[in-house]
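Student: using only what follows, build the 3D model:
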Amino acid sequence: MGAGNSADDIAAMEIHHWYTKFMRECPSGQLCLHEFKSVLGLQGLNPEANSYVEKVFHIFDMNEDGFIDFLEFIAAINLVIRGKIDQKLKWYFKLYDADGNGTIDKKELVSIFTAVQAINGNSEMSPEDYTSMVFQKIDVNNDGELTLEEFINGVESDEALLEMISKSFDLSNVLKVIQSGRRHSI
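Tutor: From the prediction side, this is the model:
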């Protein structure tokens, strides 16, 4: 019998690896918003981009204590790395629904796309044009609002839109920064 690693052993080693990286970046075991921005090199952003970063932080801060602890961090990594597309789309929907009313309107989407462009520097299309295109493709009842169902069904059924949204909101850079242990100066 060979001594192979079970899936549980591999998962435990991976979690230990991420724990070591996390604790190197935030020895207190809790990442506050300021540290989150600093670790990712996201200081001095315009108001829209800053608002987006804060919203991402607060969504990862599941217990709403003002910090991302290791368990919240692992949950975020799990979503980014292993999450199924519908899980990611539900997360994106929550991120886009700024007022929390259960729908995304054009103003909320323009705001998010403006923020993402400010962070990523991606400007193939203006935020307004991008928003119009998204609504034209997936606002089934043409009411100017996207429900969770419309959003998930619409994005999943349009390969180009799915790819565009996935690339625009790729959070793997968060993981790369922490994995490399690179801390940006404040």
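
Student: kindly list the longest helix within the chain.
Tutor: Ordering each helix of the chain by length in residues (DSSP state H) puts helix 7-25 first.

Student: so for that helix, mean pLDDT?
Tutor: For helix 7-25, mean pLDDT rounds to 75.

Student: same for it, what does it pack against?
Tutor: Where contact means 3 or more Cβ pairs under 8 Å, 6 or more residues apart in numbering; DSSP states H and E, helix 7-25 is packed against helix 70-82, helix 172-180. For the C-beta atoms, the positions are set from N, CA and C on the backbone; glycine is no exception.

Student: worst average pLDDT in those helices?
Tutor: Per-segment mean pLDDT for those reaches its minimum on helix 172-180, at a mean of 55.

Student: distance of residue 117 relative to residue 134?
Tutor: For residue 117, the distance to residue 134 (Cβ to Cβ, to the nearest Å) stands at 14 Å.

Student: just want to know which of the two has more residues nearby.
Tutor: residue 134 (23 against 20; other Cβ atoms under 10 Å).

Student: and the strands in the chain?
Tutor: Assigned by DSSP state E, the chain shows strands spanning 30-32, 67-69, 103-105, 145-147.

Student: ok so, going back, mind listing what's buried along the longest helix of the chain?
Tutor: By neighbour count on 16 or more other Cβ atoms under 10 Å, the buried set for helix 7-25 is 18, 21-22, 25.

Student: equivalent analysis for stretch 124-138, please.
Tutor: 127, 130-131, 134-135, 138.

Student: and residue 38, how close does it get to residue 70?
Tutor: Residue 38 is 18 Å from residue 70, by Cβ to Cβ.

Student: swap that for residue 49, sorry
Tutor: From residue 49 over to residue 70 the distance is 27 Å, taken as Cβ to Cβ.

Student: now do residue 39
Tutor: 14 Å.

Student: burial count for residue 77?
Tutor: Residue 77 has 22 nearby residues by other Cβ under 10 Å.

Student: right, and residue 134 touches residue 161 too?
Tutor: Yes - using Cβ atoms under 8 Å, residue 134 is in contact with residue 161, at 6.8 Å.
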